[in-house]
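Q: Build me a structure from this.
(one chain, ligands or ions: 1)
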Amino acid sequence: MIRLPHRDGFYELRPSKIIALAKNYAEHAREMGMEVPEKPIIFLKPPSSLIGPGEPIILPRMSKRVDHEVELAVIMGKKAKRVPKEKAMDYVLGYTILLDITARDLQAEAIERGLPWSIAKGFDTFAPVGPRVVDRRELNIDDLEIGLKVNGKIRQLGRTSQMLFKVPELIEYISSVMTLQPGDIIATGTPPGIGPLRHGDKVEAWIEGIGTVDFEVLREDSILC
Ligand code: MG
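A: Numbering: from 1, shown residues only. Below is the predicted model of the structure:
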C-alpha cells in the first residue's frame, strides 16, 4: 500500500488492478516502429509493482535493458462498469504520475514470440507513483506538459493533448471489458523519448499541475535482500 499526499491528508493507493495503455501517443508508437492503433491497446501491471516516493526502482537480473515511460495516471473513485464516455469523468477520483517501467529486451522477445507482456511490465518496483494525488476537480488534464529527466537531462517531453484516446474514451472502453473498482489505476500511455535506466541514475518525472517526483535506480545485485 502506498500513501500519497491528497488534499489536507493522505490517499492510500490500494488498486485491485493497474490498467496501462500501449501506444497511446502517436510519436511513441512511431519510435517503437509500430503503427498507430485503431482501438486502445491495454495490458495489466500487478499492484505489487507499485512503489512510492523514497523507494528505489530496482533493475532486475533477468533484464539487460530497462526503460522509463512517464505517464499520467488516473485513479478511479467509484465502481465503473459499462460507463459511457459522456459520464466517465464522474467516476474519477484524481490523478498522479506513474512510471511504466519496462524490461524492453523481455518485451521485444515477448512481441517476437507472440507472448504476453506480463514479465516485461510486471517486476517489483516497475510502477513508481507520486508525488501526490490531485483531485479531479482541481485539474483539467486536456493539455498538460508531461516530461522526464534522467540525471538532469530531458529524455521525454510531451503534452497530454497528444494522447490518441482520451481519458473518457479509455474509461468507456476498459469498463466495457472489466469492472473498474475504486482505487484502480489507469496509466494513460507515454510520450516519445523512452530510454534505458542504469544503476545510480536519478529519474525525475513531472506533469504540469501535479508536480515532480524523483526516484533512484539501483541494480538488483547491489541490494542485500
Ligand atoms: Mg507505458
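
Q: and this protein, which residues reach the ion?
A: Residues of the chain found near the ion (Cβ under 5 Å from the ion) are 69, 100, 190. Just so you know, the C-beta spots here come from the backbone N, C-alpha and C atoms, and that holds for glycine as well.

Q: Surely the second one touches residue 72?
A: No. Counting by Cβ atoms under 8 Å, residue 100 does not reach residue 72; the two are 10.8 Å apart.

Q: joint contacts of the two?
A: Common neighbours of residue 100 and residue 72, using Cβ atoms under 8 Å, 6 or more residues apart in numbering, are residue 187.

Q: Doesn't residue 174 lie inside a helix?
A: Yes. Counting by DSSP: H, G, I helix; E, B strand; the rest coil, residue 174 falls inside a helix.

Q: is it true that it touches residue 42?
A: Yes. With contact defined as Cβ under 8 Å, residue 174 reaches residue 42; the gap is 6.2 Å.

Q: These two: which has the busier surroundings?
A: residue 174 (22 against 18; other Cβ atoms under 10 Å).

Q: Pull up the gap between the more buried one and the ion, please.
A: Separation of residue 174 from the ion (Cβ to the ion, to the nearest Å): 15 Å.

Q: so what's that residue up against?
A: Counting by Cβ under 8 Å, 6+ apart, residue 174 touches 19, 40, 42, 180, 186.

Q: let's go with 6 Å and repeat that
A: residue 19 (Cβ atoms under 6 Å, 6 or more residues apart in numbering).

Q: Please apply the same query to residue 172.
A: By Cβ under 6 Å, 6+ apart, the neighbours of residue 172 are 84-85, 88.

Q: Right, I'll leave it there.
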